[in-house]
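Student: here is a sequence together with a model predicted from it:
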Amino acid sequence: MLHVTVDGREIVVADGASLLDATRAAGVSLPALCHDDRIAPAGACRGCLVAVDGWARPVAACATSASDGLHVHTDTADLVATRRTVLGLLATTCRADEAPALQATPFEAALQSHGAADVERPRSEAAADTSHPCIHVDLSRCIACFRCVRICDELQGQGTWQIWQRGDRTSVAPDGPTMRTSSCVGCGACVDTCPTGALLDAARVDAAPPLTWVRTVCPYCGTGCEVRLGVEDGRVVAARPVLDAPVNKGHLCVKGRYGYGFTHAEDRLVQPLLRTGGRLRAVSWARAIGEIATRLDGIRTTYGPDSIGVLGSARATNEDNYVVQKFARVVVGTHNVDCCARVCHAPSAAALGRMLGTGAATNVFDDIERARTILVAGANATENHPIVGARIRQAARHGARLIVIDPRRIELADAALLHLAPRPGTNVPLFAALAHVILAEGLQDQAFIDARVDGLDEYRVSVESWTPERAADVTGVPADDIRRAARLYADGPSLSVHGLGLTEHVRGTEAVMALVNLALITGNVGRPGAGVNPLRGQNNVQGAAHMGCEPATLTGGTPLPVGRAAFESAWGTALPHTPGLKLPDMLDAALTGAMRALWVVGYDVTLSNPTASETARAFESLDFVVVQDLFLNETARAHAHLVLPAAGPFEKDGTYMNAERRIQRVRRVVSPPGDAREDWQIVCDVARAMGHGEAFAFGSAEAIWDEIRRVWPGARGITYPRLEHGGLCWPCPDETHPGTDVLHRERFGVGPRARLVPLAYVPTRETATEAFPLVLVTGRTLAAFNAGTMTERTPCHALRPSDVLDLSPADAARLGLHEGQVARVTSRYGTCVLQVHVTRQVRDGEPFATFHTRAAFVNRVTGPWRDTVTATPEYKVTAVRVEPA
Ligand SMILES: Nc1nc2c(c(=O)[nH]1)N[C@H]1C(S)=C(S)[C@@H](COP(=O)(O)OP(=O)(O)OC[C@H]3O[C@@H](n4cnc5c(=O)[nH]c(N)nc54)[C@H](O)[C@@H]3O)O[C@H]1N2
Ligand SMILES: Nc1nc2c(c(=O)[nH]1)N[C@H]1C(S)=C(S)[C@@H](COP(=O)(O)OP(=O)(O)OC[C@H]3O[C@@H](n4cnc5c(=O)[nH]c(N)nc54)[C@H](O)[C@@H]3O)O[C@H]1N2
Ligand SMILES: [Mo]
């Protein structure tokens, strides 16, 4: 603690604080126009000059560290006059404008409060660049504080904003001819920091900032960024990052920042719809609830409870999903309950659960900055978890050694010390070779192994033959790169993050197990800056599965056999004994007639599951399909007998669980449209109609959460009131427990010792043949999210209006395809049509496509193969041929 006097007032500030922090603590508002707490101080604008007793001349408070005993003055006549002059000079470079958005900017406020409001201002024409759908640029308002330049560089790491010398004036401009064609990724950090309104949210140029702001969690990916939503007339009209959020620390990506507009889309579902005579027609809730209760009752009576399946939503809250799986088990009497984790990171949960005892990331994102080496395997973090990606890129700039393992040259490869580009589907032999080098060179953490790891001898034998040279043959990664990567990873603490590039393969679970093996032999589990960390997909996919929307898992990730007795007593009913079906098995069962009804909550199965023709056949075989969603998604449009309108993510209370096991509070910001209702309410109504009112008599999301805490000891300490002050990572066994940032510190979930698992390499069947000479990889892109239902109803859509097929220049030339041309992609399973983008990001023979739109329907092409442990689809490799359409 430091003691500083500001204008005669004694102030105490933390070590490392600046004089600006001290003046703020003293309640003095200095025009620190070039300063933002998220970036390094520049001391450039001179607006925050202060005098310090005994110092020769005034200093910029933002760029000066406080030290004990300083006497600081902000209000001498000289300083007051200097400030007015500084502000006046800046004002002569900033065009005056009456637009509402420009009246209350920090700059205008500073002019007012420091007596510089009467300065003659240029009244030139606005010089706006309106090319970008999200960001409005008018540099005639620029005072050259360079906050945009610095935040783009230091927070996002993009470097879009550049400083240019023009005549006698320094100015800024994006690195493309226009904002839209620049390298901008639309994170909005520059808008957020701009003090003058030179940069504005495009949607808010003609409006004053909203007065009401509500803190909640972004509804897109599993990073779990906290966001403040601006509300006006019952509508969400703006979004800003929460500055002190542990995950995003004052940063958002384009979706979190500009992707809220789906909430008020014209075509939100606002009434239940029942298909009669082939058409969906609006019906009352009473009719809809009656219909579903009667149909499910009838099907259960005729075909048994296991002819019914329920899918929870990885987009909905923990509370919603808890109720969904309880409904399946208690009301229907089946374990046929699953969620989107199945097609995503189920292999990660299975591998981590089996080997370490907890099917979740071992460490928190703050460990990114603590790691010496960071391994990014099969995860395109700058696009799919952009805040994590930005943090990794900054960590690499600050000295962390970054290794990227991805067949494509993803953005992070540019920041990496080493980019290994294996052939898709060869992760297991690649990791075996890394282990081979580590053991051959004696780089393992023998003390850790002795204390906590079993099975080294067998494991050593299993990787013995995987010399870097042999692995180079199989994976295509040069042997020396394998050696270098092994040495870097062994020199920890090393943190790995991984994505679908490991999991969405026929040996996806084994790929994650291979990564856990590596962490175990190098002692990279149970300590800060290390661990094995799946970057979970949707906002609440970790939560949906963890709540029990998985056939063999009860709430809290409890395996069914372990939890049966406790849950039977908590729920006051016997649980079924027939094992439940995973989603792909449910679809198979539909085809044989064993499955008759499916209730799908927030999951566009038709569009997002592989081999779309088979998915469609399965749905067509069902007697009764209920879809509960915000929109008439493809599953609803094509197959639903009953469509139920759900409240969206900004329209309900509850919690999400992010990729770090962090439970965060989701808040109702606006009311749902029309008759849309919260997911849990709908499910409870149906339960009541089916005679189970008592077990579903919840009056609020908090009441559901309190039941969750009762059945899941690891969350017992996480109460709603505690979540008011930020999220908590489980396990958190009691109300004084601070939550757990690093798992497995002293012992593993499986016990005091973990066991290495020897793995064999089993290649995919989807290899290039004469008829299908290319191997298609599918995945995602920054501005579109999964089934696209939400992003396509926001300005993000303009940034990425269609799915695209990335082709290497050589492939494109060989196939006679050029940029923008339309290509037909055909596999053994189907065909689709995509626009071509020619790029060196992909290698020859390995095109890449996104799967976000109904128009392209890329899953018509993907194949039926599944991970042998979890049945997760092999989305990452499909043998195809490509030709001009
Ligand atoms: N913008 C955006 N963000 C999203 C989503 C979105 O749709 N859009 N979706 C969310 C969801 S649900 C999820 S699950 C996450 C997914 O996030 P990621 O896991 O990053 O997803 P993908 O882009 O599908 O695949 C990641 C990478 O795997 C690589 N890859 C393919 N095969 C292999 C292989 O055999 N080995 C290795 N090492 N790499 C391989 C691909 O080239 C690709 O770069 O993103 C979430 N975030
Ligand atoms: N080819 C290919 N296909 C893939 C993948 C791939 O890499 N390649 N990745 C797979 C992966 S990892 C995933 S996760 C899936 C994603 O596939 P999906 O889960 O189908 O996609 P999402 O867009 O995340 O959202 C599903 C639905 O949830 C709705 N929704 C959003 N919030 C709520 C809510 O609060 N309540 C309700 N009831 N509904 C809501 C949305 O409107 C949308 O219709 O796609 C998979 N498909
Ligand atoms: Mo996912």
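Tutor: Yep, it's here. Ligands and ions are numbered 1, 2, ... in the order given.
Student: what does the stretch 251-400 of the chain put close to ligand 3?
Tutor: C344 (CB under 5 Å from the ion). All C-beta atoms are positioned from the backbone trio N, CA, C, and that covers glycine.
Student: now do the buried residues in stretch 97-106.
Tutor: By 16 or more other CB atoms under 10 Å, the buried positions in stretch 97-106 come out as 97, 99, 101-102, 105-106.
Student: residues contacting P649?
Tutor: By CB atoms under 8 Å, 6 or more residues apart in numbering, the residues touching P649 are 216, 219, 315, 539, 666.
Student: now the residues you listed in TSV, with secondary structure, pLDDT and neighbour count?
Tutor: What follows is the contacts of P649, written out as TSV (DSSP: H, G, I helix; E, B strand; the rest coil; pLDDT from 0 to 100; neighbours: other CB atoms under 10 Å):
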residue	secondary structure	pLDDT	neighbour count
T216	strand	98	23
P219	coil	98	24
R315	coil	98	31
N539	coil	98	30
V666	strand	98	25
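Student: helix or strand next in line after the helix or strand harbouring A812, which one?
Tutor: Remark: A812 resides in helix 809-815, with elements defined by DSSP states H and E. Where DSSP H and E defines the elements, the next helix or strand beyond helix 809-815 is strand 822-827.
Student: follow-up on the earlier one: determine which two of the contacts of P649 are furthest apart.
Tutor: Greatest spatial distance among the contacts of P649 (CB to CB): T216 and R315, at 14.1 Å.
Student: ok, the buried residues of stretch 97-106 vs E614, which is closest?
Tutor: Nearest to E614 among those is A101, at 51.3 Å by CB to CB.
Student: that closest one and ligand 3, how far apart?
Tutor: 37 Å (CB to the ion, to the nearest Å).
Student: so that residue sits in a strand?
Tutor: No: according to DSSP: H, G, I helix; E, B strand; the rest coil, A101 belongs to no strand; its state is helix.
Student: contact partners for it?
Tutor: Shown in contact with A101 (CB under 8 Å, 6+ apart): 197, 200, 204-209.
Student: swap the cut-off to 7 Å and go again
Tutor: Contacts for A101 were tallied using CB atoms under 7 Å, 6 or more residues apart in numbering; they are 197, 200, 204-208.
Student: who wins on neighbours among the residues you listed?
Tutor: Neighbour counts for these, by other CB atoms under 10 Å, peak at G197, which reaches 25 neighbours.
Student: L102 is in contact with that one, correct?
Tutor: Yes: the pair G197 and L102 passes the contact test of CB atoms under 7 Å, sitting 4.3 Å apart.
Student: tell me which other helices or strands the helix holding A812 touches.
Tutor: Counting contacts by 3 or more CB pairs under 7 Å, 6 or more residues apart in numbering; DSSP states H and E, helix 809-815 packs against strand 831-838.
Student: counting contacts, what elements does the next helix-or-strand element following the strand it packs on pack onto?
Tutor: If you walk from strand 831-838 toward the C-terminus, the next helix or strand you reach (DSSP H and E) is strand 848-850. The contact analysis (3+ CB pairs under 7 Å, 6+ apart) places strand 848-850 against strand 774-779, strand 804-807.
Student: so what's the gap between strand 848-850 and the chain middle?
Tutor: Distance, stretch centre to chain centre, for strand 848-850: 19 Å (CA atoms, centre = their mean, to the nearest Å).
Student: try stretch 537-552
Tutor: Put simply, stretch 537-552 sits 15 Å off its chain's centre (CA atoms, centre = their mean).
Student: ok, now stretch 746-766?
Tutor: On CA atoms, centre = their mean, the centre of stretch 746-766 falls 26 Å from the chain's centre.
Student: buried ones in it, by neighbour count?
Tutor: Across stretch 746-766, burial judged by 16+ other CB under 10 Å covers 748-749, 754-757, 759, 761, 764, 766.
Student: swap in stretch 355-368?
Tutor: By 16+ other CB under 10 Å, the buried positions in stretch 355-368 come out as 355-365, 367-368.
Student: which one of those sits closest to ligand 1?
Tutor: Comparing these against ligand 1 with CB to the nearest ligand atom places A361 closest, at 13.2 Å.
Student: contacts only, for that closest one.
Tutor: With contact set as CB under 7 Å, 6+ apart, A361 has these partners: 531, 533-534, 659-661.
Student: now V254
Tutor: Taking CB under 7 Å, 6+ apart, we find V254 in contact with 134, 185-187, 782-783, 796, 799.
Student: let me know the closest of those to G43.
Tutor: Using CB to CB, the contacts of V254 come closest to G43 at C187, 25.4 Å.
Student: look at the residue of the chain at minimum distance from ligand 3 and say how many residues are nearby.
Tutor: The nearest approach of the chain to ligand 3 comes at G537, 2.6 Å away (CB to the ion). G537 has 26 neighbouring residues, counting by other CB under 10 Å.
Student: just the pLDDT for the closest residue in space to it that isn't next to it in sequence.
Tutor: Excluding its sequence neighbours, the residue lying closest to G537 (CB to CB, 6 or more residues apart in numbering) is C344, at 4.6 Å. Listed pLDDT for C344 reads 97.
Student: returning to what we had before: just the helices and strands packed on strand 848-850: most buried one?
Tutor: Across the helices and strands packed on strand 848-850, averaging neighbours per residue (mean count of other CB atoms under 10 Å) puts strand 804-807 on top, at a mean of 25.
Student: partners of it in the sheet?
Tutor: Note on strand 804-807: by DSSP bridges, its sheet partners are strand 831-838 (parallel), strand 848-850 (antiparallel).
Student: adding mean pLDDT, mean neighbour count and distance to V404, write these out as JSON lines.
Tutor: Formatted as JSON lines, these follow (pLDDT from 0 to 100; neighbours: other CB atoms under 10 Å; distance: least, CB to CB, whole Å):
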{"stretch": "strand 831-838", "mean pLDDT": "98", "mean neighbour count": "20", "distance to V404": "21"}
{"stretch": "strand 848-850", "mean pLDDT": "98", "mean neighbour count": "24", "distance to V404": "15"}
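Student: and D366, how close does it get to G529?
Tutor: For D366, the distance to G529 (CB to CB, to the nearest Å) stands at 9 Å.
Student: having no further points to raise, I will conclude here.
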